[in-house]
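Asks: predicted model follows, preceded by the sequence.
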Amino acid sequence: MAGMIPPEIVEQVRNACDIVDVIGSYVPLKKKGKEFSALSPFNKEKTPSFFVSPEKQIFKCWSSGHGGDVFKFLMLMENMTFPEAVRRVAQRVGIVIPESSGPQDPQDRSRREELHALNAAVAAWWQKLLHSDPSAEPARAYLKSRDFPSTLAEEFGLGYAPEGFDGTMKWAQQKGYSMEALEAGKLVATSERGTRYDFFRGRLMIPVHDDSGQVVAFSGRLLDPEAKAQKYVNSPETPVFVKSRILFGLNKTKRSIIEAESAILCEGQIDLMRCWQKGIRNVVAPQGTAFTDSHARLLKRLAHKEVVICFDADRAGQAAAQRSIDVLLKEDLQVRIARIPQGEDPDSLLRKQPVEIFQTILHDAKDYTRHLLDTTCETEDISSPRGRGEVAKKMAQVIAKIPNAVQREGFLLDVARRLQVPRSVLEEEVRKAEAQARRSVNDPQRHSLGTPENEMSADGTPQVPQEPLQPDKLIEAMLSLLLTTPEFVPQVSRRFNPAWVEGLAGAEVLLRLLDAHAHDAWHDAMQFMEECDERTRDYLMGLLMTPSPVPAEATLEAYADKLVQNLEKRWKQQRLQFLMLAMKSDELSIEDRLKYGVEIQAIRRQFPDLGK
């Protein structure tokens with residue numbers, strides 16, 4: 001069936017890619033011996049717990065418990081299915097995955113693949129229209145009026161959606177794309193009368209890419225200044241486009257952000273493209289929506305160090321900057337605010353002034369706390385008791401959110417000095433702000449509304465995250481040995497009794513591994529782990545990444561024997577304790593007493609040090 005990928009192709013793709021190269025495009029990796037390390041892309045942390053092994057082509061995140069191969073990483077980072085992850089890597093390494101009905105038949109492609117292909121085709125057609133079609137002259141004139149060079153427009157794939165009622169719809173259908181795909185991709189809308197029409201018409205079109213470079217959505221800029229329609233119209237969400245997870249321009253700027261360990265957050269797409277033109281490359285912009293927790297987590301993985309917010313100087317831009325600060329602070333990022341002159345934005349400033357002026361503004365950007373204090377004092381009359389009270393109240397809410405104790409204390413003193421109020425007075429306001437924050441967190445209704453979508457179960461209730469698998473230490477040592485050196489399985493199996501591990505944590509995994517060998521179902525460790533549940537797979541990946549140590553003086557053969565012996569000895573020690581206790585019972589039959597006595601003697605002969 002369509003969408004299925006033959007196992008041999010999956011293996012070919014896995015072997016052809018370099019996991020360090022793939023993960024390094026998401027996370028700033030640093031060489032550490034034979035491995036690479038980084039801060040976890042899944043959890044907040046200050047000490048790296050995320051490791052990638054180029055030798056084994058696997059990763060392990062010790063803080064979150066996640067682990068796996070390159071496909072598992074993409075599934076976690078991009079919320080992909082397994083086939084989608086395989087196809088993403090295949091595209092990266094240049095391997096063509098055969099489809100049962102051929103790649104040119106959109107009806108038989110998976111929905112996501114068809115939408116990606118449709119978006120790419122439409123973007124290319126619109127780009128061609130912008131370049132040469134007479135009807136696109138208003139779009140070309142608009143770009144010229146904004147000093148927007150054709151080379152920059154071409155670099156970002158700008159295009160023109162024709163004015164007609166159904167021009168894009170007819171063109172796409174002629175190219176073989178289904179109406180179902182056009183509607184699913186939100187390129188076609190339906191009127192109240194049931195008539196289908198182009199969603200984008202007569203606009204300058206800006207394609208939106210995911211960070212791998214695939215077109216997932218569009219933003220259309222109005223060209224007629226007298227028209228009463230919205231200035232910008234953005235694609236609604238689709239199966240390939242979730243606004244809260246897309247940052248505009250990241251497909252181009254990701255590497256620069258990683259290298260700089262810093263991201264400049266602009267408000268608009270034109271701002272970003274202008275920064276790019278002027279050589280400022282570590283820039284991103286939210287895509288037609290407020291800055292979200294998902295955006296912040298993504299920047300934390302890439303920027304690692306800081307985010308410089310560079311929004312418009314007007315009231316709306318500053319309000320958006322404030323909201324973004326609150327979101328970024330949750331990820332423990334350093335946040336600075338670049339103050340653009342009133343009435344300007346990055347695009348207009350870079351068009352009017354030398355790039356050095358803008359670079360100086362970025363360099364001199366203040367820590368968000370100092371910026372907020374400055375702007376709040378500018379809007380309130382701090383010469384009056386009421387004005388000082390308002391500033392103190394607002395700044396107390398800021399102080400209450402500062403995670404670092406030293407930074408918190410320093411800013412508290414700054415505010416107290418600026419307002420000329422006793423430190424104790426400001427501390428009291430901070431306590432009120434903290435109490436208010438706690439009430440908000442503990443409000444059940446607020447909590448339910450704030451539960452992330454990916455933490456909800458199918459019935460809409462919050463999921464309780466599973467605890468990481470923590471096997472018994474002896475079982476862990478045995479799993480480590482048999483995963484890394486499966487040739488010792490026959491030696492272990494000859495002496496091993498499943499009863500010895502009954503009821504122990506991790507026993508089921510060990511028994512499944514031995515059973516796979518016994519039934520000739522073992523191919524390799526990766527294949528075995530792929531058939532395990534996610535919790536088990538994460539644990540085993542960590543064990544592969546960092547195997548249990550083998551005593552230096554022992555050969556692997558002797559070590560395997562010792563592990564089996566220790567499992568048996570521990571079980572028999574517990575058995576001996578049970579037998580000894582049972583022998584003291586007056587209700588034990590003579591037959592059972594004799595049987596238990598024989599078993600006790602046998603255990604003591606085998607392990608003389610037990611029961612003494």
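Replies: Great, that's in hand. What you see is a predicted model, and the numbers here were worked out from it, not measured in a lab.

Asks: Lys46: what's it in contact with?
Replies: Lys46 makes contact with Leu39, Asp332, according to C-beta atoms under 8 Å, 6 or more residues apart in numbering. Placement of C-beta: from N, CA and C, glycine included.

Asks: where are the low-confidence patches of this protein?
Replies: Applying pLDDT under 70 to the chain flags residues 1-4, 98-109, 228, 288-289, 315-316, 440-467, 519-521, 611-612.

Asks: longest helix of it?
Replies: helix 556-583 (DSSP state H).

Asks: for that helix, packing partners?
Replies: Applying 3 or more C-beta pairs under 8 Å, 6 or more residues apart in numbering; DSSP states H and E, one finds that helix 556-583 contacts helix 473-484, helix 489-495, helix 590-606.

Asks: now the helix or strand containing Leu152, how far from the chain's geometric center?
Replies: Using DSSP states H and E, Leu152 sits within helix 150-155. Put simply, helix 150-155 sits 31 Å off its chain's centre (C-alpha atoms, centre = their mean, to the nearest Å).

Asks: just the buried positions in the longest helix of the chain, please.
Replies: Buried residues in helix 556-583, counted by 16 or more other C-beta atoms under 10 Å: 559-561, 563-564, 567-572, 575-576, 579.

Asks: could you do stretch 122-141 as well?
Replies: Neighbour count says stretch 122-141 has Val122, Ala123, Trp125, Trp126, Gln127, Leu129, Leu130, Ala136, Ala139, Arg140 buried, by 16+ other C-beta under 10 Å.

Asks: what does stretch 61-69 give?
Replies: Under 16+ other C-beta under 10 Å, the buried positions of stretch 61-69 are Cys61, Trp62, Ser64, Gly65, His66, Gly67, Gly68, Asp69.

Asks: wait, Pro471 sits on Ala477?
Replies: No: using C-beta atoms under 8 Å, Pro471 makes no contact with Ala477, being 9.4 Å away.

Asks: returning to what we had before: what angle sits between the longest helix of the chain and helix 590-606?
Replies: 150 degrees (axes from the mean of the first three to the mean of the last three C-alpha atoms, to 10 degrees).

Asks: pull the contacting residues for the closest residue to Ser235 other than its chain neighbours.
Replies: The shortest distance from Ser235 to any non-neighbouring residue, by C-beta to C-beta, 6 or more residues apart in numbering, is to Ala217 (3.7 Å). Shown in contact with Ala217 (C-beta under 8 Å, 6+ apart): Asn119, Lys186, Pro207, Val208, Asn234, Ser235, Thr238, Val240, Phe241, Ile246, Gln287.

Asks: now do Asp347
Replies: Asp347 neighbours (C-beta under 8 Å, 6+ apart): Arg146, Gly268, Ile270, Asp271, Arg274.

Asks: rerun that using 10 Å as the cut-off
Replies: With contact taken as C-beta atoms under 10 Å, 6 or more residues apart in numbering, Asp347 is in contact with 146-148, 266-275, 277, 312.

Asks: count the neighbours of Asp609 for me.
Replies: 8 (other C-beta atoms under 10 Å).

Asks: so what's it up against?
Replies: Asp609 neighbours (C-beta under 10 Å, 6+ apart): Lys569, Gln573.

Asks: check Asp18 too.
Replies: Gly24, Pro54, Gln57, Val70, Arg92, Val93.

Asks: would you mind measuring from it to Asp515?
Replies: 34 Å (C-beta to C-beta, to the nearest Å).

Asks: so Ser25 sits against Arg88, correct?
Replies: No: the pair Ser25 / Arg88 is not scored as a contact, 11.3 Å apart, by C-beta atoms under 10 Å.

Asks: quick one: Ser37 is in a strand?
Replies: Yes: with DSSP: H, G, I helix; E, B strand; the rest coil as the criterion, Ser37 is part of a strand.

Asks: doesn't Ile23 make contact with it?
Replies: No: applying C-beta under 10 Å as the test, Ser37 and Ile23 come out as separate, 11.1 Å apart.

Asks: give me the common contacts of those two.
Replies: With C-beta under 10 Å, 6+ apart as the test, Ser37 and Ile23 both reach Leu29, Phe50, Val52.

Asks: quick check: the last one touching Ser40?
Replies: No: using C-beta under 10 Å, Val52 is not in contact with Ser40; the gap is 11.9 Å.

Asks: that older thread, the shared contacts of Ser37 and Ile23 in strands, which ones?
Replies: Phe50, Val52 (DSSP state E).

Asks: got the shared contacts of Ser37 and Ile23 as TSV, with distance to Gly176 and neighbour count columns?
Replies: Below are the shared contacts of Ser37 and Ile23 laid out as TSV (distance: C-beta to C-beta, whole Å; neighbours: other C-beta atoms under 10 Å):
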residue	distance to Gly176	neighbour count
Leu29	42	22
Phe50	43	25
Val52	41	25
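
Asks: just the shared contacts of Ser37 and Ile23 now: which is nearest Asp381?
Replies: Nearest to Asp381 among the shared contacts of Ser37 and Ile23, counting by C-beta to C-beta, is Phe50 at 49.9 Å.
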